[in-house]
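# Just a sequence and a predicted model for now, questions to come.
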Amino acid sequence: MTDLTTRYLGLTLKNPLVAAASPLTKKLESAQKLDEAGVGAIVMYSLFEEQIIHESLELDHYLNRGSDSFAEALTYLPDTGAYNMGPGKYLDHLSAIKKAVSVPVIASLNGVSTGGWTRYARYMQDAGADALELNLYYLATDPDLPGLELENAQVELVANVKSAVSIPVSVKISPFVTSLPNFARRLKEAGADGLVLFNRFYQPDIDLETLEIVPSLVLSTSDELRLPLRWISILYGRVQTDLALSTGIHTATDTLKAMMAGARVAMLASEVLQNGYARIGDMLNTMTAWMEAHEYESIQQMQGSMSQQAVREPAAFERANYINVLSSYRNLP
């Protein structure tokens, strides 16, 4: 029998398909449907740093009634929109989901500073989270902020959160890092049990009629798989931590590629949002059929088999392949 089990963050999962942090877990019923559809684990939607700050400011407001700074201070916080579920409700929801599903539940924190982070990491652990995903979502816009200073702050944040909990901690990072392998190693040394490649920066758009900046949410496609696929292939065996591929997982083929590159799990959300929960079972069945046809007995057997250190032409993952790729294009007008 084909074995789809995998190990991620010290947890044994029945298969490598993990529901990524997304609106899919905003409702208890949706989380239960993910479980019933067959995912190996569920990552909760993120509790944002802005929501933690909002709660702290609100408490300060009631303790110091009459202050004129409160209302103005809140205007500096980004609007979290549909994700606007406060820390207390988030913890209650996390606890309810944990009790309602049979698979591991991974909580998610999204931000960059320290402060209340360690406290809420402990709260999530106490609420029943099997692990914690720390999403380092930060867009540097200050020309005076050196890259190393930003990385140092993020590494320190990971170390602080890790020291506050006993459950495993994974770190979801951006591809926009000067030396990704070095940053990945530093995060591992700070205590990260896993790395998730990559978070997606949602780009705003301009409405030419209203002359306003508007949010623009575009779901992923399989074409986006190649960036995390490449970096997981490079990091596998060089940074001794669990690797998760997020962004671009839409088919069984995408998932198998992720495993061969060296990922322990493949995280998906857009495919389910677009085409429903049944896609999870379809993908698992197709994966099993492909593995049987190609004589793979287990997922663990294929993990890392097509990483940079395992293939005959490792330069294909590096710049040496750049000229070959450009010269291979033949469909000129």
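Yep, that arrived.

# any idea how far the residue nearest to I173 when sequence neighbours are not counted is from F183?
Distance criterion Cβ to Cβ, 6 or more residues apart in numbering; nearest residue to I173, sequence neighbours excluded, is L136 at 5.5 Å. (Glycine included, C-beta is placed from N, CA and C.) With the distance defined as Cβ to Cβ, to the nearest Å, L136 ends up 10 Å from F183.

# what's around the residue nearest to I173, how many residues?
24 (other Cβ atoms under 10 Å).

# how far away is it from V171?
For L136 relative to V171 (Cβ to Cβ), the value is 6 Å.

# who's in contact with stretch 100-108?
Stretch 100-108 is contacted by residues 9, 11, 13-14, 18, 21, 28, 31-32, 34-35, 39-47, 94, 97-98, 124, 127-135, 170, 172 when judged by Cβ atoms under 8 Å, 6 or more residues apart in numbering.

# For ChimeraX, what selects the buried ones among those?
This is the ChimeraX syntax for the buried subset of these, where burial follows 16 or more other Cβ atoms under 10 Å:
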select :9,11,13,14,18,21,31,34,35,39,40,41,42,43,44,45,46,47,94,97,98,124,127,128,129,130,131,132,133,134,135,170,172
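
# Next step: the contacts of stretch 100-108 restricted to helices.
L28, A31, Q32, L34, D35, L94, I97, K98, M124 (DSSP state H).

# How about stretch 223-240, which residues are buried there?
Quick answer for stretch 223-240 (16+ other Cβ under 10 Å): E224, L225, P228, L229, R230, W231, I232, S233, I234, L235, Y236, V239.

# quick one: low-confidence parts of the protein?
49-86, 111-116, 315-332 (pLDDT under 70).

# for this protein, longest helix please?
Max-length helix for the chain by DSSP H is helix 147-164.

# and that helix, what does it pack onto?
Contact here means 3 or more Cβ pairs under 8 Å, 6 or more residues apart in numbering; DSSP states H and E; on that basis helix 147-164 packs against helix 117-126, strand 131-135, strand 169-173, helix 180-189.

# so what's A263 up against?
Counting by Cβ under 8 Å, 6+ apart, A263 touches P16, I232, L243, A244, L245, Q303.

# what's the nearest residue to the last one if we skip its chain neighbours?
I take that to be Q303. According to Cβ to Cβ, 6+ apart, the nearest residue to Q303 is M259 (5.2 Å).

# Report the secondary structure state of that neighbour.
helix (DSSP: H, G, I helix; E, B strand; the rest coil).

# right, and S30 touches A19 too?
No: if you go by Cβ atoms under 8 Å, S30 and A19 don't touch, sitting 9.3 Å apart.

# These two: which is more packed in?
Each of S30 and A19 has its neighbours counted (other Cβ under 10 Å); A19 has more, 28 against 18.

# Give the bridge partners for that one, please.
Beta bridges link A19 to I42, L268 when assigned by DSSP bridges.

# Surely it touches A41?
Yes: between A19 and A41 there is a contact at 7.3 Å, judged by Cβ under 8 Å.
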